[in-house]
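In: Just the structure for this:
(2 chains)
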Amino acid sequence: MLVIILMMAVLSVYGALNKVPEAIKTQLAPDAQVILLDAQGDEHQIGEIAKRNIAQYRVIDTDGTTSYDARTIDRFDAETNTIYQSRMKNKFFNASNLFLILKDSSFFAIMAVGMTGVIILAGIDLSVGSIYGLSAIVGAMALSALPADASLLIALPIGLAVCIAVGTMCGLANGAMSVGLRVHPFVITLGMMAALRGLTVVLPQELFSTQSIGGFPTSFTSGFFKAKIMGVYPVPVIVMALVAIAGWFVLSRTVFGRRIFAIGGNETAAQYAGIPVGKVKILVYTITGALCGLSACIYLGYLGAAETNAGNAYELQVIAATVIGGASLMGGRGTALGAVLGAIIIQLINNAMVIFSVDQSYNQIVMGAAIIIAVVIDQTKQRVQARRG
Amino acid sequence: MTTRRAWLISSYSLSIGALLLASGCSNNSGENAEGSQSSSSTSTNTDDETVYRIGLIAKSNSNPPFQAAKTGAMDAAQRLSDELDGVTVEVLWQTPPQEDAQMQAQYVEQLVASGVHGIAISCTDANLLTSALKAAVDKGVVVVTFDSDAPESGRMAYYGVDDKEAGKEVMRQLADQMGGEGKVAILTGNPAASNLQKRVEGVIEQAGEYEGITDATVYSFMPETATEAAAKMQQVQSANPDITGWALVGGWPLYTDNALDGIYESAKVVSMDPLPLPLEYVKKGQVQVLVGQPYYGWGEKSVEMIIDKLEYNRSPESELIFADFDIVTDENVDEYGENWKTWLGED
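Out: Numbering: from 1, shown residues only, chains lettered A, B, ... in the order given. Model prediction:
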């Protein structure tokens, strides 16, 4: 949390020194006539004078004549008869940007909460991106079959049920195969990653001859997951917060959570202690799959479509968020809240690239370095603790 | 314990901060080198200068055509900054490392929040990007699409080629090479990709114009990699030795060496995408014609249109602006190859 606060402080200071305009839109009457005046008061038609030479915009409509000082006008769009003015705001520390960061984090953070359980078990799930993609595509098929005006009470349960069911089944398959076949989850989930990605491509191709599926009920998209409240889109963020709280509760306040830590700390000892290791592992992978499905459902609702490439390579971001959030790849350690904060740190780094106007090519370098630094610091901390007994 | 924890957190924060600042510094120097505006000022109007900030979002960072688009946009920004008195144009490159429509949508939203005046984008998936682009347009951002369109987004204009016409051009060139007769095979990638579907449709429609061309069979392959494409071509040619012409609606197999062994001896080949590696096939005489898109122009023209709108309130006459094709043969292959040195910033 302190890392995030410090990063935000740096970005806020930078943002305050480099303010940006926030658009204020004024829709003129359809019959309004706009005349452009230069510094000498000569009239010009739209397109005949450069913006920097305009001194005044004169708007004539049925209500009379209104004059705007050109210095207060950012842009006039002649085609839509709209005037755009602006007020300056902090480039980083403003509600819409902060919610964007949280919203962008939510897709990964929800999966990262599940991944935390897997990593505490000393396991790994490389298939989360593919589960996300397949859940999204199957969910999109179901939602696109509904009429555009379907009510939220129909669209939301169907979207959630289909996406989560697909994710749950994939997670169950991961856990069952890993435990039942006694194969390391790295191998099982690697295979599932490829197989599920193939399905994600083949299904829409064979059934719809397309790469992307859209056309969902508006009640599911702008009516819920992309509902605008006080200028921001809070639903993905709220879901992320609820998942984080649930993850925290399960891992730290339930017997099931204690068992996960016990298995990750020492699997043999956990077995001797009578913990049903296999069942716990299967359940953790199943929950992770279900959370991937939930995240995919938010993706469908927010973006209004699904494409075959959805979630491609997201497993790396999810694992990175978990590790940055303090989970140990050796097992036995990690928190749900840490995973969410890890996802937020990743998006803060992404956002900082935009705030600092850094070429996106540098993003991966910074991101990779941040992950390595996190792991090195974590291991240093472990060594220091071990030395002190 | 608390002191050690605070030290660890502080060192991590400082490390990330240092990395970000280092990136920021290197970005500024990079922009200077490329001639773009290095000022971090984002104000729209100052007393003596107007700064226009344009976000450029391509499909993937490593793809040479999009690097050419980036160079085109940077060059246009520099030229317009020089030409327009009191105006500075900045281009901000925001492109995912690999094709990812969701990430593109996030970049659109972040760019709008950071106060850009225009966005030029090649849409990986129109369905997925439409709502984000609509929101950008609604906030007064001028949006132009290039290469791949999102027609329902409210964007001002699209600049690129007509995919069906591109397919027709490939077939026209191939028919010329084949003397208007023979058996044609069409190579395409993902059969569900709408742009490829249109190109294939164009090839088939044009092939119907020639009485001597008896067959035009479509062969697709997945995933869209060079090795898969090359293997597919060689297997098809081996099984159908009477094929005398290949129409490639994408240049996939030509991104490897020796993809046409066993093919070029008996068939003429015409392909889309005259990228640096495919040009070598023209030089070797294994590919007769390459049909190119305006890669550099994607960026250049997009920036020009956005600035024309922002500065003069002028929109293009049509919202669909189709570019001409570049035709590359053994006669102009060296000259065309020189373009890539400029487009990829190797000059």
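In: pLDDT value on A:Q205, please?
Out: The model reports A:Q205 with a pLDDT of 82.
In: Just give the nearest non-adjacent residue to it, would you?
Out: B:A192 (4.0 Å; Cβ to Cβ, 6 or more residues apart in numbering or on different chains). (C-beta placed from N, C-alpha, C; glycine too.)
In: Report whether the strand or helix carrying A:S252 contacts chain B.
Out: Using DSSP states H and E, A:S252 falls within helix A:235-253. No: judged by Cβ under 8 Å from any Cβ of the partner chain, helix A:235-253 stays clear of chain B, getting no closer than 11.7 Å.
In: That helix - contacts with which helices or strands?
Out: When contacts are defined as 3 or more Cβ pairs under 8 Å, 6 or more residues apart in numbering or on different chains; DSSP states H and E, helix A:235-253 sits against helix A:95-120, helix A:255-265, helix A:277-303, helix A:336-355.
In: Sketch out the low-pLDDT regions of the stretch 1-150 of chain B for me.
Out: Filtered on pLDDT under 70, the stretch 1-150 of chain B yields the residue ranges B:1-48.
In: how much space is there between the residue in the stretch 51-200 of chain B positioned nearest to chain A and A:R87?
Out: Nearest residue of the stretch 51-200 of chain B to chain A: B:G115, at 2.8 Å (Cβ to the nearest Cβ). Using Cβ to Cβ, to the nearest Å, B:G115 is found at 11 Å from A:R87.
In: which residues are common contacts for these two?
Out: Shared contacts of B:G115 and A:R87 (Cβ atoms under 8 Å, 6 or more residues apart in numbering or on different chains): A:P21, A:E22.
In: Compare the two (neighbour count), which wins?
Out: More crowded of B:G115 and A:R87, by other Cβ atoms under 10 Å in any protein chain shown: B:G115, with 23 against 9.
In: Quick check: phi and psi at the residue nearest to A:Q205.
Out: phi -90, psi -10 (degrees, to the nearest 10).
In: wouldn't it be in contact with A:Q211 here?
Out: Yes: assessed by Cβ atoms under 8 Å, B:A192 is found in contact with A:Q211 at 4.9 Å.
In: anything in contact with each of the two?
Out: A:P204, A:Q205, A:T308.
In: which among these gets closest to chain B?
Out: A:Q205 (4.0 Å).
In: Please give the element, helix or strand, for that closest one.
Out: Going by DSSP H and E, A:Q205 is part of helix A:185-208.
In: where does the stretch 201-347 of chain B have low pLDDT?
Out: B:223, B:346-347.
In: Can you name the residue of the stretch 51-200 of chain A nearest chain B?
Out: A:Y84 (3.7 Å).
In: can I get the CA coordinates of stretch B:328-343 in CSV?
Out: Output of stretch B:328-343 as CSV, limited to C-alpha atoms (Å, rounded to 0.1, in the frame of the first residue of the first chain):
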residue,chain,number,x,y,z
VAL,B,328,6.5,-3.9,-56.4
THR,B,329,8.2,-5.9,-59.2
ASP,B,330,11.8,-6.7,-60.0
GLU,B,331,12.0,-3.3,-61.8
ASN,B,332,11.4,-1.2,-58.7
VAL,B,333,12.2,-3.6,-55.8
ASP,B,334,15.5,-1.9,-54.9
GLU,B,335,13.9,1.6,-54.9
TYR,B,336,11.0,0.3,-52.8
GLY,B,337,13.5,-1.4,-50.4
GLU,B,338,15.1,2.0,-49.8
ASN,B,339,11.8,3.2,-48.4
TRP,B,340,11.9,0.7,-45.6
LYS,B,341,15.2,2.1,-44.4
THR,B,342,13.5,5.5,-43.9
TRP,B,343,10.3,4.0,-42.6
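In: now for the helices and strands packed on helix A:235-253, which one comes closest to B:N127?
Out: Of all the helices and strands packed on helix A:235-253, helix A:277-303 sits nearest to B:N127, with 8.3 Å by Cβ to Cβ.
In: Show me what counts as buried in the closest one.
Out: By neighbour count on 16 or more other Cβ atoms under 10 Å in any protein chain shown, the buried set for helix A:277-303 is A:277-278, A:280-303.
In: Chain B next: which of these are close?
Out: Near chain B, by the rule Cβ under 8 Å from any Cβ, you find A:Y299, A:L303 out of those.
In: residues from the stretch 251-389 of chain A in reach of chain B?
Out: Contact residues, the stretch 251-389 of chain A versus chain B (Cβ under 8 Å from any Cβ): A:299, A:303-310, A:312-313, A:345, A:349-366, A:369-370, A:373-374, A:377, A:380-381, A:384.
In: check contacts around the closest residue to chain A within the stretch 201-347 of chain B.
Out: Of all residues in the stretch 201-347 of chain B, B:R314 sits closest to chain A, at 4.6 Å by Cβ to the nearest Cβ. Contacts for B:R314 (Cβ under 8 Å, 6+ apart) come out as A:G47, B:D308.
In: So what does it look like in phi/psi?
Out: Given degrees, to the nearest 10, the pair of backbone angles that B:R314 has is phi -110, psi 130.
In: before we move on, what about B:D125?
Out: phi -150, psi 110.
In: cool, B:L92 as well?
Out: According to degrees, to the nearest 10, the main-chain angles of B:L92 amount to phi -110, psi 110.
In: could you list every residue that touches B:V137?
Out: By Cβ under 8 Å, 6+ apart, the neighbours of B:V137 are B:V143, B:S153, B:G154, B:R155.
In: Kindly report the same for A:A50.
Out: Counting by Cβ under 8 Å, 6+ apart, A:A50 makes contact with B:L84, B:E311, B:Y312.
In: So what's the residue count around A:T221?
Out: 22.
In: Could you list which residues are in contact with the closest residue to it other than its chain neighbours?
Out: What sits nearest to A:T221 in space, not counting adjacent residues and going by Cβ to Cβ, 6+ apart, is A:G304, at 4.7 Å. Applying Cβ under 8 Å, 6+ apart to A:G304 gives the contacts A:G214, A:F216, A:T221, A:K226, B:N127, B:L128, B:T130, B:S131.
In: the more surrounded of B:A192 and A:Q211?
Out: Neighbour totals were compared for B:A192 and A:Q211, and A:Q211 leads with 23 against 20 (other Cβ under 10 Å).
In: pLDDT score for the more buried one?
Out: Looking at A:Q211, the pLDDT reads 81.
In: I figured it was touching A:P204, is that so?
Out: Yes: assessed by Cβ under 8 Å, A:Q211 is found in contact with A:P204 at 6.6 Å.
In: Now do the shared contacts for those two.
Out: A:T308, B:A192.
In: Could you check stretch A:252-269 and say which residues are buried?
Out: A:G257, A:R259, A:I260, A:F261, A:A262, A:I263, A:G264, A:G265, A:E267.
In: so the fifth one makes contact with A:A269?
Out: Going back to what we said before, that points to A:A262. Yes: applying Cβ under 8 Å, one finds A:A262 in contact with A:A269, separated by 7.4 Å.
In: Show me what counts as buried in stretch A:166-184.
Out: A:166-179.
In: cool, stretch A:370-379 as well?
Out: A:A370, A:I371, A:I373, A:A374, A:I377, A:D378.
In: hmm, back to that, ok, of the residues of the stretch 251-389 of chain A next to chain B, which come out buried?
Out: Judged by 16+ other Cβ under 10 Å, buried ones among those: A:299, A:303-310, A:312, A:345, A:349-363, A:366, A:369-370, A:373-374, A:377.
In: Roughly how far does A:R253 sit from chain B?
Out: The gap separating A:R253 from chain B is 23 Å, by Cβ to the nearest Cβ, to the nearest Å.
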